[in-house]
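attaching a predicted model along with its sequence, questions to come.
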Amino acid sequence: MLKSIHFSGVLLMAASPLLADPLPSWNAGETKSAIISFVETVTDPASGDYVTPADRIAVFDNDGTLWAEQPAYFQLFFAIDQVAKMGEADPAALSSDALKAAAARDIEALLATGKDGLLEVLAAAHSGMSVADFKANVAEWLDTATHPTTGRPYDSMLYQPMLELLRYLRDEGFATYIVSGGGIDFIRVFSEDAYNIPTSQVVGSSLVSEYVAEGTPMLMKQPDLFFNDDKAGKPVAINHHIGKRPIFAGGNSDGDFQMLEWTTSGEGPSFGLYVHHTDGEREWAYDREGHIGVLNRGLDEGDARGWYFADMARDWAVIFPAEE
């Protein structure tokens, strides 16, 4: 039985066979049909659930939703590589167990240092430099670094079905935003090339930046946290940066629960989507346990809330784009 979506229009079972498939990497099924039905309904001026283009806002988490996140967040791999470079230049800079573990690229040892250790490594790699220099470091890293398991460049480990969904929504007049717990300056380096999402439509966590006008004016990144864009912080950040409640939200973990809840609790049509990591052969299979992408509350409450799950093993014919 098809679940009800948060709109009153007629649920179309599939796109018209006379039209090109807008989601070719999605297998036929309930979730794909529901996405297409929702989009067709809210973009049809004759529909009672028509939404004007100005209000067609779609928000997506990044890690585990638009690109992979295992065995650790890619931004952490970036930080580890930056600390390793720091250690090569000045071994005395490795003044703690966390920094030494990062320089040795020993993720297990780093994780054993706990939250404080991780924050120390992130601060070392993300502060004490200008925003421009930080972005240059990220760009250089993306051009040269490869994933430890797949050997692919990190920015090639995007999810092809989600790239198609982003494009489909934009083709139908939606504005697509990234709302991520990852760093806003980090994601803005690649968001346009990877997702065709401009930097102005990236919302993320951030450190304090300080304006320095001595010599050439610049913004300097400080080690203190300015905003954590995760869990209940996501609706707050959406309101702050976008100023409108979205009508479409996609995530993959309980860190995204409040974003989906906020999106689908407004008046009018809305759609909540969870990417469910069920494919241990082509990607990774995980949900309720682990240190990354944990999904408990979403699984427990998602069906009752009318949200949909993109089961990677069942719903996606392709995971990553073909390597060039």
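Happy to help now that I have it.

what mean pLDDT does stretch 223-240 get?
Stretch 223-240 carries an average pLDDT of 95.

domain-wise, how is this structure divided?
Domain assignment for the chain by automatic domain parsing gives 30-70+154-315, 74-144.

quick one, which of those domains is nearest to Pro24?
domain 30-70+154-315 (6.6 Å; CB to CB). No exception for glycine: its C-beta is placed from N, CA and C like everyone else's.

about what we covered before: can you lay out the domains of the chain as TSV showing distance to Glu323?
Below are the domains of the chain laid out as TSV (distance: least, CB to CB, whole Å):
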stretch	distance to Glu323
domain 30-70+154-315	7
domain 74-144	16
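
now do the helices in the stretch 101-250 of the chain.
107-112, 114-126, 131-144, 160-171, 184-188, 191-195, 233-241 (DSSP state H, counting those that start in this stretch).

ranking those by burial, who's on top?
helix 184-188 (a mean of 23; mean count of other CB atoms under 10 Å).

roughly how far does the residue lying closest to Thr43 once chain neighbours are set aside sit from Ala46?
Sequence neighbours aside, Glu172 is the residue nearest to Thr43 in space, at 4.9 Å (criterion: CB to CB, 6 or more residues apart in numbering). Distance from Glu172 to Ala46, counting by CB to CB, to the nearest Å: 15 Å.

what about the two, which has more around it?
Ranked by neighbour count (other CB atoms under 10 Å), Glu172 and Ala46 place Glu172 first, with 16 against 6.

the residue nearest to Thr43 against Phe38, yeah?
No: Glu172 lies out of contact with Phe38 (CB atoms under 8 Å); the separation is 10.2 Å.

can you redo the helices of the stretch 101-250 of the chain as a markdown table with distance to Tyr73?
Shown next, in a markdown table, are the helices of the stretch 101-250 of the chain (distance: least, CB to CB, whole Å):
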| stretch | distance to Tyr73 |
| --- | --- |
| helix 107-112 | 11 |
| helix 114-126 | 10 |
| helix 131-144 | 14 |
| helix 160-171 | 17 |
| helix 184-188 | 10 |
| helix 191-195 | 16 |
| helix 233-241 | 16 |
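
do you know which of the ones you listed lies nearest Gly87?
helix 114-126 (10.0 Å).

then the closest one to CSV, C-alphas only?
Extracted C-alpha coordinates of helix 114-126, given in CSV (Å, rounded to 0.1, in the frame of the first residue of the first chain):
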residue,chain,number,x,y,z
GLY,A,114,37.1,11.3,22.2
LYS,A,115,35.2,14.4,21.2
ASP,A,116,37.9,16.7,22.6
GLY,A,117,40.5,15.1,20.5
LEU,A,118,38.5,15.3,17.3
LEU,A,119,37.8,19.0,18.0
GLU,A,120,41.5,19.6,18.6
VAL,A,121,42.4,18.1,15.2
LEU,A,122,39.6,19.9,13.4
ALA,A,123,40.6,23.2,15.0
ALA,A,124,44.2,22.7,14.0
ALA,A,125,43.3,22.1,10.4
HIS,A,126,40.6,24.7,10.1
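
give me the contacts around it.
Helix 114-126 is contacted from outside by 75-76, 78-80, 82-83, 86, 93, 96-99, 101-102, 110-111, 113, 134, 183, 185-186, 207, 221, 223, using CB atoms under 8 Å, 6 or more residues apart in numbering.

please flag which of those residues sit within strands.
Residues of these located in strands (DSSP state E): 183, 207, 221, 223.

so which of those residues wins on neighbours?
For the ones in strands among the contacts of helix 114-126, neighbours tallied by other CB under 10 Å; top is Gly183, 24 neighbours.

check which residues of stretch 291-303 are buried.
292-295, 298, 302 (16 or more other CB atoms under 10 Å).

residue contacts, Asp185?
With CB under 8 Å, 6+ apart, Asp185 has these contacts: 126, 131, 134-135, 138, 204, 206, 221.

just give me the closest of the residues you listed to Ala58.
Of all those, Ala58 sits closest to Gly204, with 16.4 Å by CB to CB.

and that closest one, how many neighbours does it have?
24.

for His147, same thing?
Neighbours around His147, by other CB under 10 Å: 16.

what about it, distance to Thr65?
The separation that His147 has from Thr65, given CB to CB, amounts to 17 Å.

and if you look at Arg152?
18 Å.

so between these two, which is more surrounded?
Between Arg152 and Thr65, counting by other CB under 10 Å, Thr65 is the more crowded of the two (25 against 14).

can you tell me how far the nearest residue to that one once chain neighbours are set aside is from Phe60?
Leaving aside its chain neighbours, Thr65 sits nearest to Asn252 (4.6 Å; criterion: CB to CB, 6+ apart). Note on Asn252: its distance to Phe60, by CB to CB, is 10 Å.
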